[in-house]
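*Asks:* A predicted structure for the sequence below; I have some questions about it.
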Amino acid sequence: MKSILVSLVSEQTIPNVLFIKHFNNFDCYFFVTTEKMENPDSGNKRSFIIEATGIDKYKCKYVKVNPELKQDVIAQLENTDIKWDDYTKIVVNLTGGTKMMSLGAYEFFKNYTNEIWYKPINKFNQYHLCDNPTEIVNIEEELNVDDYLAACGILKSENRFSNKKPTYDDLFVESFFRRFINNEINYDGIEKIRTLFRDVKGKFKNKIKNSGKVKLLDNQELLEVKEYLKSIEFPLNDDTLTKEQMEFLTGGWFEEYVYYILKSILAKKDEFIKLGVFLNPRPKDAEKVKYFANNDLDVIFTYHNDLYVIECKTRLGSEIFSETLYKSAALRKYFGVTVKSIICTLDELKDDQKERAEVFGLKTLDKNIFMEEDILSAIRRELGIK
């Protein structure tokens, strides 16, 4: 008994990845794709699907079609070297591809099988049978962050991304957050550290970058930093500020706070949420390099097989707000239209800022949300996480 699974390839790889992971174990995996989807410069979507699902590439075959001509789709399927009558089980997923690709594939395969499936809009875990919509398959597979990034061509096996571990545990970060919002931590001191160690012209930027630490001695400005950190009871070892501590103090603490909050809400393994993800695209991927050079993603997680990307800013000036909007909105060009972009800030956003963010399709969580007594319930409510 020979079996074959047919998938239509498009920019959105996730529906195919989920379908293959659920059904799996076929003798052959056949992809109906296009010239554009095969383009290695913009990313070969078929190869992304194969890598993300882990199926044997030697079991995979494909045909390229004109995505806007139904008759060409039918003709290419007829003329492929696949002998369709040799397969006793043919399963087809129409979810990907263009409308003409779906129509052509349906018209061709209806003569060979009644197992032709599609994924309805807004049904994250369901596929329906085309000729009997009441027959439903519930997809129980859940993609973790590695799975989702692989489906976008960002492979951990090729070191195309990295992530960092939290600097401190959740109790320390929670305490730091409470003291900050209660004005027990002087923000001017934080800004001074940012100016000295992170600004482009920061006096000690290169030193802490190259050595990974700076001794807070023998310089008036460094001694002032030491005294400031002592005043807020920040732990130092041998009067030394490490690069990780500097990054924590200048905004990393808020990223870690959001990370711990979301991890608690999701109650999932570490594979489903990551902190400080840095993308390392291939040199030939011009568009990826153009957008992601010197850029990282503060917090990312998967929920209901959607990717959520969180940008964390303790303060949002007008210029930073605009930059954050454009950056977050641009993620759709890379991760697909279903990516959920969220901006978290401890500033209180104005109504026009919230409206502007909505125009870009972004969700905002501002100071009012983080000040709620039951922060877990508040964020669940705002993000629609049950």
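*Replies:* Looks like it arrived, so ask away.

*Asks:* for I116, give the beta-bridge partners.
*Replies:* Beta-bridge partners recorded for I116 (DSSP bridges): V92.

*Asks:* pretty sure it contacts N132?
*Replies:* No - I116 lies out of contact with N132 (C-beta atoms under 8 Å); the separation is 10.0 Å. (C-beta placed from N, C-alpha, C; glycine too.)

*Asks:* the more surrounded of the two?
*Replies:* Neighbours of I116 and N132, each counted by other C-beta atoms under 10 Å, are more numerous for I116; the result is 20 against 9.

*Asks:* ok, the more buried one - contacts?
*Replies:* 92, 94, 105-106, 109-110, 129-131 (C-beta atoms under 8 Å, 6 or more residues apart in numbering).

*Asks:* one more time with 7 Å
*Replies:* 92, 94, 106, 109-110, 130 (C-beta atoms under 7 Å, 6 or more residues apart in numbering).

*Asks:* now the two most distant members of those.
*Replies:* By the measure C-beta to C-beta, L94 and K110 form the most distant pair in the contacts of I116, at 11.0 Å.

*Asks:* neighbour count for these two, which is higher?
*Replies:* Each of L94 and K110 has its neighbours counted (other C-beta under 10 Å); L94 has more, 22 against 13.

*Asks:* quick check: the more buried one vs Y118, distance?
*Replies:* Between L94 and Y118 the computed distance is 5 Å (C-beta to C-beta, to the nearest Å).

*Asks:* how about K354, phi and psi?
*Replies:* When quoted as degrees, to the nearest 10, the phi and psi of K354 stand at phi -60, psi -40.

*Asks:* how close does the residue lying closest to it once chain neighbours are set aside sit to E255?
*Replies:* Distance criterion C-beta to C-beta, 6 or more residues apart in numbering; nearest residue to K354, sequence neighbours excluded, is T364 at 5.5 Å. To E255, T364 is 16 Å away according to C-beta to C-beta.

*Asks:* quick one: which of those two has more around it?
*Replies:* Neighbour totals were compared for T364 and E255, and E255 leads with 27 against 23 (other C-beta under 10 Å).

*Asks:* burial measure for the residue lying closest to N125 once chain neighbours are set aside, as a count.
*Replies:* Nearest non-adjacent residue to N125, counting by C-beta to C-beta, 6+ apart: I139, 4.6 Å away. I139 has 18 neighbours, counted by other C-beta under 10 Å.

*Asks:* tell me the pLDDT at I139?
*Replies:* For I139, the model assigns a pLDDT of 88.

*Asks:* again with K205
*Replies:* 93.

*Asks:* the residue of the chain positioned farthest from its centre: helix or strand, and which one exactly?
*Replies:* Distance from the C-alpha centroid of the chain peaks at D218, with 44.1 Å (C-alpha atoms, centre = their mean). Per DSSP states H and E, D218 falls between elements, in no helix or strand.

*Asks:* any idea how far D199 is from it?
*Replies:* Distance from D218 to D199, by C-beta to C-beta: 21 Å.

*Asks:* then T53?
*Replies:* 45 Å.

*Asks:* ok, those two, which is more surrounded?
*Replies:* Neighbour totals were compared for T53 and D199, and T53 leads with 21 against 11 (other C-beta under 10 Å).

*Asks:* please name the nearest non-neighbouring residue to the more buried one.
*Replies:* Once flanking residues are discounted, T53 sits nearest to I20: 4.6 Å by C-beta to C-beta, 6+ apart.

*Asks:* who's in contact with the host helix or strand of that neighbour?
*Replies:* Using DSSP H and E, the element containing I20 is helix 14-23. Applying C-beta under 7 Å, 6+ apart, the external contacts of helix 14-23 come out as 5, 7, 49, 52-53, 55, 91, 93, 95-96, 119, 127, 137, 139, 141, 151, 305, 336.

*Asks:* residue ranges of the strands in the stretch 251-386 of the chain, please?
*Replies:* 273-279, 296-303, 306-313, 340-345, 363-365 (DSSP state E, counting those that start in this stretch).

*Asks:* in its sheet, what does the second one sit against?
*Replies:* Looking at strand 296-303 with DSSP bridges, its partner strands are strand 273-279 (antiparallel), strand 306-313 (antiparallel).

*Asks:* quick one: mean pLDDT over it.
*Replies:* What strand 296-303 shows for mean pLDDT is 93.

*Asks:* again with the shortest one
*Replies:* Rounded to a whole number, the mean pLDDT of strand 363-365 is 93.

*Asks:* so which elements touch that strand?
*Replies:* Strand 363-365 sits against strand 340-345, helix 375-383, with contacts defined as 3 or more C-beta pairs under 7 Å, 6 or more residues apart in numbering; DSSP states H and E.

*Asks:* mean neighbour count, these: which tops it?
*Replies:* Sort those by mean neighbour count, taking mean count of other C-beta atoms under 10 Å, and strand 340-345 sits at the top with a mean of 24.
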